[in-house]
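A.B. asks: Turn this into a model:
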Amino acid sequence: MKHFDVAIIGSGPISLFEAIHQAQQGKSVAIIEEKDNLGGAWASVEYEPGHRYEIGCHIWDVNKEAYRFVEEYLGEKLIPLNPPATAVWRDIKMPYDWKNNVIALRFLLEKPTQIFSSKRKFRMRVMARNYYYPKGGSEILIKNLLSDVKRLNISVMKGSTVRSVQIDEAEINLVLDGYGISVKELMCTSFSNFSEVIVKGEKLISSQEEEDFWHFQFVVEDNEARRMSYARILGHPFIQRVSDISFLNQGGGQVFSIGVFVNSTQNMTREDVVSMIESSLRNWKWLSPEAKVVKAFDNRYVMKRPGLEQRQALINSGRVTFIQSTNLIFGIAQNADRWRKTVLRRQHLIFI
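C.D. replies: Numbering: from 1, shown residues only. Predicted structure coming up:
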């Protein structure tokens with residue numbers, strides 16, 4: 001059985017930054033990833049030669065501290081989304097930041113008395129902000145992180161699911177697919193997946209929460225419509241978000257990434273979903289009448305959260321830490337001060 005100081009479940013950017021941070025302190029580190037692709041929700045997939053794209057349509061939230069940290073790590077400035085990000089409600093396009101205003105308005109129409117409540121949790125925003133992204137997309141960030149992971153001799157276990165987490169007085173044993181490892185400390189992200197937790201001989205089995213993601217990548221030709229960058233779709237029965245990821249497509253051409261609601265489309269054939277997406281893009285005038293969808297790729301993946309009983313028992317053990325990873329930018333902002341002296345130690349900083 002192999003022994004490590006720290007094991008980290010998941011290989012998204014937050015996990016990779018944390019692994020580098022731990023390794024820079026002289027610890028032996030293992031990254032455990034159940035998929036064959038590294039990067040978590042920020043991974044890229046080559047569907048066929050010449051067609052490699054990010055598997056989800058993303059937007060990075062706004063946080064200056066996180067932006068600065070990523071810029072220092074990459075050694076280059078992030079670029080603003082152009083045109084600016086938008087939100088769409090009932091076919092009306094508006095600045096992306098107004099989406100919360102629409103959500104709040106819909107809430108108040110259902111519960112008008114809440115307008116006078118001091119406990120209401122929504123925030124209204126008038127001024128639209130600039131949203132930034134790496135010039136090479138999230139893939140350039142993942143490539144840099146994996147380069148540091150390799151340089152620091154961090155062990156990476158792809159295609160490995162944690163079947164059981166067993167915590168006793170001396171160590172933590174992780175049962176994987178066909179083998180096991182022991183660690184002094186275990187670090188999990190919001191979507192770390194494991195079936196069984198045993199703490200000092202007591203087995204804890206609780207239901208896991210699942211989020212099912214389905215994204216399509218449309219390769220488009222002869223499109224004369226006005227370009228867009230990212231759009232959050234409000235109130236649509238099938239489509240959640242749309243992103244024009246053409247600036248990430250090194251082979252040229254225009255590519256849209258579209259996220260759909262799995263539950264709403266489960267009774268539809270793939271061909272029906274593709275047709276529905278194409279019709280919607282034309283309706284929103286992101287596809288011109290003469291535009292042709294020449295390729296339609298799709299990627300579907302399920303992310304699981306540990307049950308509350310399991311999570312609390314692991315935290316109470318004192319040797320398991322959960323890192324917030326549901327929002328990449330705020331996850332970076334929360335850890336930037338802690339990571340800066342280690343993760344950025346060998347970077348050539350060009351910004352002052």
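A.B. asks: Now do the residue positioned nearest the centre of the chain against Leu141, distance only.
C.D. replies: Taking C-alpha atoms, centre = their mean as the criterion, Ala41 is the residue nearest the geometric centre of the chain, at 4.0 Å. In this structure, Ala41 lies at 13 Å from Leu141, with C-beta to C-beta, to the nearest Å as the measure. All C-beta atoms are positioned from the backbone trio N, CA, C, and that covers glycine.
A.B. asks: Show the residue spans covered by the helices in this protein.
C.D. replies: Remark: helices assigned in the chain by DSSP state H are 13-24, 64-74, 99-110, 137-151, 262-265, 270-283, 308-316, 328-343.
A.B. asks: of all the ones you listed, which lies closest to Arg241?
C.D. replies: Across the helices of the chain, the minimum distance to Arg241, taken as C-beta to C-beta, is reached by helix 99-110, at 10.5 Å.
A.B. asks: Break the protein into its domains for me.
C.D. replies: Taking automatic domain parsing as the reference, the chain has its domains at 2-44+136-208+306-343, 210-303.
A.B. asks: so which of these comes closest to Gly50?
C.D. replies: Judging these by C-beta to C-beta, what sits closest to Gly50 is domain 210-303, at 5.2 Å.
A.B. asks: nearest to Tyr96, of the domains of the chain?
C.D. replies: Using C-beta to C-beta as the measure, domain 210-303 is the one of the domains of the chain that comes nearest Tyr96, at 6.3 Å.
A.B. asks: show me what contacts the residue nearest to the centre of the chain?
C.D. replies: With contact set as C-beta atoms under 8 Å, 6 or more residues apart in numbering, Ala41 has these partners: Gly12, Ile55, Gly56, His58, Phe213, Tyr301, Met303.
A.B. asks: Which parts of the stretch 101-250 of the chain are strands?
C.D. replies: When assigned using DSSP state E, counting those that start in this stretch, the strands of the stretch 101-250 of the chain occupy the ranges 132-133, 155-158, 162-167, 172-175, 180-189, 194-199, 202-204, 209-221, 230-234, 239-244.
A.B. asks: okay if I get the domains of the chain as JSON lines plus distance to Trp89 and mean pLDDT?
C.D. replies: Rendered in JSON lines, the data for the domains of the chain read as follows (distance: least, C-beta to C-beta, whole Å; pLDDT from 0 to 100):
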{"stretch": "domain 2-44+136-208+306-343", "distance to Trp89": "22", "mean pLDDT": "91"}
{"stretch": "domain 210-303", "distance to Trp89": "4", "mean pLDDT": "92"}
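A.B. asks: Ranking the helices of the chain by mean neighbour count, which comes first?
C.D. replies: When neighbours are counted by mean count of other C-beta atoms under 10 Å, the highest per-stretch mean among the helices of the chain falls to helix 13-24, a mean of 24.
A.B. asks: what's in contact with that helix?
C.D. replies: Contacts of helix 13-24 (C-beta under 8 Å, 6+ apart): 5-6, 8-9, 29, 31, 38-40, 42, 138, 141-142, 145-146, 148-149, 152-154, 187, 189, 323-325, 328, 331-332, 335, 338-339, 342-343, 345.
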